[in-house]
Structures are given as C-alpha cells and as structure tokens.
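> here's a sequence, model it:
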Amino acid sequence: MRKVSSDPGTGNDEATRILQSLDAVFEPTQRAHPGPALTLPANALASIGLDRDGRPCTPDRRFEAWFSPDNVDAAVAGWLRGNQASSLVPVTTRAGAASVILVGTAADAQAWALPPGSQASTHGGSAPFVALAYRPFEDPDIAAAALASWRLTPMEARTVRALVSEGDLHAGARSAGLNYGTARKALKLALRKAGAHRQADLVRLLHTAVGGGDVQLAHVPELQRMLGLTERAASAAVLLAVGLTRAEAASTLNISEHIMKDELNRLFLQFNLRTATDLSRLITEAVVLAGVASNPNLTLETSWSALRPLRFLNRTRTPGRIALSDFGPASGAPTLLFHSATTGSLLDRGLVRALQSAGLRPITVERPGFGLTDPPETAPLDVAVDDVLDLMDAMGFKQVNLVCRGGEPVALELGRRASERIRRAVLINPFTPYAVDSRWDGFMNRAKRLVSAYPEMIEPLARFLSQRATPLGLERLVRSAVNSSPADRRALDNPNITQDYVASARLTGVRSSWGFVQDQRAYLTWRPPALPDGRAWVRLIGEQDVLYRSGDADSLWDAALPGHRIVRVQDAGRLLHASHPDLVVQALMG
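Next comes the predicted model:
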C-alpha cells in the first residue's frame with residue numbers, strides 16, 4: 001500500500017486534492033444537489049397549466065381524470081389572492097377524496113420534475129401558473145407492482161387499494177364490493193405481510209414502495225411552510241402518518257391527549273379528512289410534492305428501474321425495520337443478494353432474469369442504515385446478520401443462496417453463526433484488505449486512498465457523494481471509475497446496465513449515509529475470518545476489476561474459506577454481475 005505523508009498539513013492538502021479530482025468528474029454546473037436521491041414513476045404525477053384566473057388551460061388526460069376544473073378553480077382561488085409562492089393547496093378529487101396539489105408560477109415550475117411531455121410549464125406562454133398532482137395508485141400498473149412484492153392475495157390487494165382510495169375501511173369495503181368482515185380479515189393479513197402496525201402505517205409504506213421516500217419528522221418545517229400549518233399541527237400529522245396512535249403522538253410531542261385531539265380535529269376540518277388513514281395518505285402525497293418543489297435530486301422514470309418490488313419486515317431482536325426487494329417468483333429457490341457499499345436493493349435486470357430463468361428467486365436485502373433499512377442502535381454487524389436471519393424466518397426459508405457484491409463481513413459472519421442455512425455463496429470481486437492491497441492507481445482508487453489514509457474523511461466523502469447523486473452525475477462517475485477496464489466499458493454500452501446501475505446507486509443514501517459510513521469504517525481493519533468449511537463458497541473474480549488486483553488476497557481468502565472454488569474471468573471487470581449473469585448462475589448451481 002502506498003503511504004500518504006503523516007504530516008497534518010500535507011495530509012489535509014492531499015485529501016483536498018483527492019476530493020477535487022473526484023468533484024471534477026461530476027456535472028460541471030450545479031455539482032451539489034442537496035436532498036435525498038428519489039426516483040418516482042412518471043405516471044404517478046400529472047401537471048396542468050393554469051391561466052391568470054386559476055382555470056386549467058393546457059390538456060393533461062391524467063390530471064383531468066383525477067380533478068374537475070371546478071374543483072381546481074375553487075382550490076386555487078385562495079392561493080391567487082396570496083403572495084403566489086409555491087404552495088400545497090387542498091383540493092377534492094372527482095371521486096370525492098381529499099388531496100393536495102402543488103401550485104406555483106411557470107417560472108418556479110421550470111425547476112420541478114414534471115411528467116414527460118407535459119405542456120403545463122411554458123416559457124412566457126399562455127399558462128402563467130402550474131398545478132402538479134401526485135396520485136400513484138390511480139395507475140393500476142403502479143399499484144399492482146407495489147402490492148405484488150408483499151405477496152398479497154387478490155382479495156388482500158383489492159382491500160388495500162380500496163382502503164387507500166377511500167381512506168376508510170367501511171367505505172373501502174363498499175367500493176370493493178366486499179362485506180366489512182371479509183375486508184377486515186383481508187386487511188389484517190395484509191398488515192402482517194407488509195410489516196405495518198396500523199392502517200396509516202400501511203398507507204405510508206405503500207407510498208414508500210413506489211419510490212416516494214419515507215415520511216419523517218425532518219419534513220415538518222417543509223409541511224409547515226407549504227401547507228400553512230403550525231409546527232405542532234405539522235408534527236402531529238407526521239406522527240400519525242408514520243403509524244403512531246394519538247396517545248403515542250401526544251406523548252412524543254409532550255402535550256395532553258386532549259390537545260392532540262383538538263389539533264387533529266382542526267387538521268381533519270381544514271383538509272376535509274375522515275380518518276387517520278386519510279391523513280396518512282394526504283401527508284405522504286404532500287411530502288412527495290414538497291420534494292418536487294425543493295429537491296433537485298428528485299427525478300422521474302418510466303422504465304423498469306422506476307419500480308422495485310419493495311417490502312418491509314420488522315426486526316424481532318432489536319427495534320427497527322428491514323427493507324428488501326423481492327423479485328420472485330415465490331416458487332424459486334431463495335437467493336439473497338448483498339449490495340455493494342455504493343448501490344442499493346435494485347438488481348440489474350439481466351441478472352434478475354438470469355436467476356429467475358434458473359429457477360431462483362432473487363431478493364436484495366438492504367443492510368442496516370442503507371436505503372430504507374433502519375440503522376441499529378448498537379453492533380451494526382450483529383444486527384445485519386440478525387436482519388438476514390429475521391428475513392429467512394419471516395419468509396420460511398430453511399436455506400438460501402448468497403450472491404455478494406459487497407457485505408462480505410455480513411456474509412462470513414452469517415457463515416460462522418449459521419453455516420447450515422447457506423446452500424451456496426458467491427462472492428463477486430470480494431474486498432481485498434488494505435494491508436495486502438496493491439491496487440492504488442486510477443480514478444476509483446482515489447476514493448479508496450482517501451478512506452484508508454484519512455478515516456476522518458469518510459463522513460465528508462459520504463456527504464460529498466450523496467449531494468451529487470443525480471442520474472447524470474452518477475453515470476459520469478461510474479464511466480470514469482471503470483474507464484481503464486475494456487470489459488466494463490463494453491458493459492456500459494448496454495443502456496439497461498447503465499440505467500440499472502445508476503438507479504441502484506441512487507438508493508444508497510435515500511434516508512442517510514449511515515450505512516456507507518459504517519461499512520467504510522469496518523473495512524479499515526476487517527480481514528475475512530476463517531470458517532471451518534468453505535466448500536459451499538465461490539469467489540468470482542473479474543480480471544479487469546479496476547478496484548482490486550487479482551491474486552492480492554488469495555492467501556487470506558484461502559485461509560478463510562478452506563476448499564472454496566475460485567473462478568477467474570478474463571473478459572470481465574467490476575461489473576461482472578451485469579456483464580456475465582450466466583456465470584453468476586453457474587457458480588450458484590455448482
């Protein structure tokens with residue numbers, strides 16, 4: 001390993017130079033994009049232009065199907081009399097449901113993520129104002145994809161969709177043509193499968209499953225400003241939306257239940273709500289639309305990568321929730337994929353299809369603090385292993401396959417604690433401990449050099465990367481990172497591989513950079529521990545990997561996994577999982 005001078009001044013200078021060289025790769029303008037990297041399905045949004053009187057004046061079939069012109073006109077009238085700053089305006093849908101729309105000037109809307117082909121935002125044209133709506137479950141494909149990952153029966157899915165639409169189980173049962181008792185039983189099973197505590201929590205998780213991020217107390221100031229609420233009212237709304245009871249929310253805010261009841265009554269009256277479930281839906285819609293107005297790191301997508309089959313499980317050993325993507329089919333042999341430190345739980349579609357064609361069921365579990373999995377209070381490695389065991393127990397898996405593009409400490413600790421539950425494990429370009437790593441050249445290794453030489457720079461690096469997680473910035477990053485690997489350059493010529501990698505990378509820090517920071521700190525001193533028997537394990541090595549030099553860690557891995565198999569692939573590199581999915585399948589099938 002090449003050493004960096006230990007002199008503090010020199011070290012700081014070198015760290016600055018490394019960050020500057022990384023920064024030069026990203027977009028030359030607007031490099032920093034604060035806010036979580038969210039990707040919404042384009043069909044969940046609809047926009048329309050408004051004339052100077054607040055009347056719709058540009059066509060949009062989706063928007064017109066959701067709202068009548070009279071309802072929009074009535075909702076916008078009060079906003080027009082104000083200062084016309086971008087705001088969330090309450091409105092009633094054609095079906096009579098309470099909702100909100102984002103309203104602003106056409107100039108403001110130039111910075112919004114508007115649906116493709118939208119005519120709402122014009123440059124000084126006939127529409128001086130723009131209204132944007134977010135109604136993800138009006139699109140049957142979006143709703144079906146979100147519910148499919150929860151493995152709901154048709155009856156359960158029908159009940160959940162009716163509940164979300166109506167905001168009340170009695171009304172939902174009627175609209176779905178079910179008697180209340182049947183709907184109640186179906187909902188109880190759906191709550192269990194979704195890992196939700198209450199109906200309001202279920203609605204929030206369903207919105208999260210389509211890419212809208214997660215409602216948090218951090219959204220309170222934004223909701224205050226955009227909805228014109230007091231801090232206490234906005235806090236009460238968020239706490240109910242995340243699944244707390246009225247008593248729990250009152251205790252959290254240190255107010256009496258009587259005051260909490262008054263706050264909620266005012267909210268219900270102001271927004272024409274009927275139930276806490278109704279409130280949860282409206283608040284999640286409001287959080288997404290507020291993000292459209294203020295978060296330049298939010299993008300729209302129409303492709304396969306726009307929807308991942310996201311579901312949640314509750315931890316049994318410690319508090320918190322586990323997020324995972326279950327690609328199915330349910331009949332396939334469960335195959336858990338551990339993502340890298342810079343990607344999330346969206347798999348490359350070519351790898352998904354290859355695994356499924358071989359009779360396997362690919363499932364990606366987000367490690368603690370990554371994506372939407374809660375960070376633990378203590379012992380990250382132990383909790384990460386417990387998360388895998390919780391997943392296996394909850395889904396009834398006696399054994400699983402492992403495919404690891406990262407998370408090697410978790411995989412080996414699982415092998416140490418529960419080797420009988422691992423059928424076969426494949427490590428793709430696994431970590432080389434810094435003590436034996438001889439690969440420090442090229443773009444990608446500048447970040448590795450920064451982390452290993454200056455551990456105090458791990459958190460600044462995480463913030464630096466999260467603020468640049470736009471699709472264009474990440475594509476430039478990955479292309480620069482693998483530029484010295486002909487095999488990886490060829491892989492990125494496939495637009496699907498590029499798109500899926502970028503979409504997955506955007507999931508890493510949706511909530512925070514906690515997982516990335518903990519991973520990098522752990523790797524500073526980690527060496528693979530020895531397992532009694534490594535015959536179920538395979539190391540799949542791309543000889544053109546730009547991060548590690550083939551052979552550097554052979555002795556360490558041989559000692560850790562006695563009897564394991566090594567497969568070296570001459571025409572593969574860092575992206576071996578995407579460029580050679582057939583070899584991943586072969587390694588799993590033995």
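> mind jotting down where the helices sit in the stretch 351-500 of the chain?
Remark: helices assigned in the stretch 351-500 of the chain by DSSP state H, counting those that start in this stretch are 380-395, 408-418, 444-453, 458-466, 471-481, 486-492, 495-505.
> for R568, which of those helices is the nearest?
helix 486-492 (12.6 Å; CB to CB). From N, CA and C alone the C-beta is placed, and that goes for glycine too.
> got the buried residues for the closest one?
Neighbour-count burial for helix 486-492 flags A487, D488, A491, L492 (criterion: 16 or more other CB atoms under 10 Å).
> stretch 95-102 now?
In stretch 95-102, counting by 16+ other CB under 10 Å, buried: A97, A98, S99, V100, I101, L102.
> tabulate the CA atom coordinates of the strand or helix carrying the third one in CSV.
Just to be clear, that refers to S99. Assessed by DSSP states H and E, S99 sits inside strand 98-105. The C-alpha coordinates for strand 98-105 follow below in CSV (Å, rounded to 0.1, in the frame of the first residue of the first chain):
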residue,chain,number,x,y,z
ALA,A,98,-59.2,14.9,0.0
SER,A,99,-55.9,15.6,-1.7
VAL,A,100,-53.4,18.4,-2.3
ILE,A,101,-51.8,19.8,-5.4
LEU,A,102,-48.6,21.8,-5.8
VAL,A,103,-49.3,25.2,-7.3
GLY,A,104,-46.6,27.7,-8.4
THR,A,105,-45.7,30.1,-11.2
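> helices and strands around that strand, which ones?
When contacts are defined as 3 or more CB pairs under 8 Å, 6 or more residues apart in numbering; DSSP states H and E, strand 98-105 packs onto helix 69-80, strand 87-92, strand 129-134, helix 276-294.
> swap the cut-off to 6 Å and go again
strand 87-92, strand 129-134, helix 276-294 (3 or more CB pairs under 6 Å, 6 or more residues apart in numbering; DSSP states H and E).
> strands of the protein, residue ranges please.
Applying DSSP state E to the chain gives strands spanning 38-41, 45-50, 87-92, 98-105, 129-134, 298-301, 310-314, 321-326, 333-338, 360-365, 400-404, 422-428, 537-542, 565-569.
> for R266, find the nearest of the ones you listed.
Per CB to CB, nearest to R266 of the strands of the chain: strand 87-92, 13.1 Å.
> and the angle from that closest one to strand 98-105?
140 degrees (axes from the mean of the first three to the mean of the last three CA atoms, to 10 degrees).
> mean confidence for strand 87-92?
Mean per-residue pLDDT for strand 87-92: 93.
> now what about that strand, what contacts it?
71, 75, 79, 99-103, 226-227, 271, 286, 289 (CB atoms under 6 Å, 6 or more residues apart in numbering).
> can you pull the buried residues of that strand?
Quick answer for strand 87-92 (16+ other CB under 10 Å): S87, L88, V89, P90, V91, T92.
> one step back: relative to F370, which of the helices and strands packed on strand 98-105 is closest?
Of all the helices and strands packed on strand 98-105, helix 276-294 comes closest under CB to CB, at 20.1 Å.
> please state the offset of the closest one from the chain centre?
Taking CA atoms, centre = their mean, to the nearest Å, one finds helix 276-294 lying 17 Å from the centre of the chain it belongs to.
> now do that helix: which elements does it pack against?
strand 98-105, strand 129-134, helix 199-209, helix 231-241.
> now that helix: mean pLDDT?
89.
> now that helix against strand 98-105, angle please.
Using the same axes, to 10 degrees: helix 276-294 against strand 98-105 is 10 degrees.
> which outside residues touch helix 276-294?
86, 88, 98, 100, 102, 112-113, 134, 167, 199-200, 203-204, 207, 212, 215, 219, 222, 226, 237, 240-241, 271, 273, 298.
> hang on, the earlier thing: got CSV for the buried residues of stretch 95-102, with pLDDT and distance to S345 too?
Formatted as CSV, the buried residues of stretch 95-102 follow (pLDDT from 0 to 100; distance: CB to CB, whole Å):
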residue, pLDDT, distance to S345
A97, 85, 31
A98, 89, 33
S99, 91, 30
V100, 94, 29
I101, 95, 31
L102, 95, 29
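> redo the residues you listed as a markdown table? Include distance to L337.
Below are those laid out as a markdown table (distance: CB to CB, whole Å):
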| residue | distance to L337 |
| --- | --- |
| A97 | 38 |
| A98 | 40 |
| S99 | 37 |
| V100 | 37 |
| I101 | 39 |
| L102 | 36 |
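> the residues you listed: which two are farthest apart?
Counting by CB to CB, the most remote pair of the buried residues of stretch 95-102 is A97 and L102, 16.9 Å apart.
> in the stretch 101-250 of the chain, which spans are helices?
Under DSSP H, counting those that start in this stretch, the stretch 101-250 of the chain gives helices at 106-109, 140-148, 154-166, 169-175, 180-194, 199-209, 220-227, 231-241, 246-253.
> deepest in the core, which of those helices is it.
helix 199-209 (a mean of 25; mean count of other CB atoms under 10 Å).
> just to revisit the earlier point, okay if I get the buried residues of strand 87-92 as TSV plus distance to R449?
Output for the buried residues of strand 87-92, formatted as TSV (distance: CB to CB, whole Å):
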residue	distance to R449
S87	47
L88	46
V89	51
P90	53
V91	53
T92	58
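> circling back to that earlier point, just send the strands of the chain back as a markdown table, with distance to I458 too.
Conversion of those to a markdown table gives the following (distance: least, CB to CB, whole Å):
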| stretch | distance to I458 |
| --- | --- |
| strand 38-41 | 24 |
| strand 45-50 | 36 |
| strand 87-92 | 37 |
| strand 98-105 | 37 |
| strand 129-134 | 35 |
| strand 298-301 | 26 |
| strand 310-314 | 28 |
| strand 321-326 | 23 |
| strand 333-338 | 20 |
| strand 360-365 | 23 |
| strand 400-404 | 22 |
| strand 422-428 | 23 |
| strand 537-542 | 26 |
| strand 565-569 | 31 |
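> those: which one's closest to L152?
Nearest to L152, of these and by CB to CB, is strand 310-314 at 10.2 Å.
> about what we covered before: out of the strands of the chain, which gets nearest to A530?
Across these, closest to A530 is strand 537-542 (CB to CB), at 12.1 Å.
> which of the buried residues of strand 87-92 lies closest to A560?
Of the buried residues of strand 87-92, the one sitting nearest to A560 (CB to CB) turns out to be L88, at 54.2 Å.
> tell me the spacing between that closest one and A200.
In this view, L88 and A200 are 19 Å apart by CB to CB, to the nearest Å.
> cool, and W557?
48 Å.
> can you pull out the low-pLDDT segments for this protein?
When residues are selected by pLDDT under 70, those of the chain lie in 1-11, 27-34, 119-126, 302-307.
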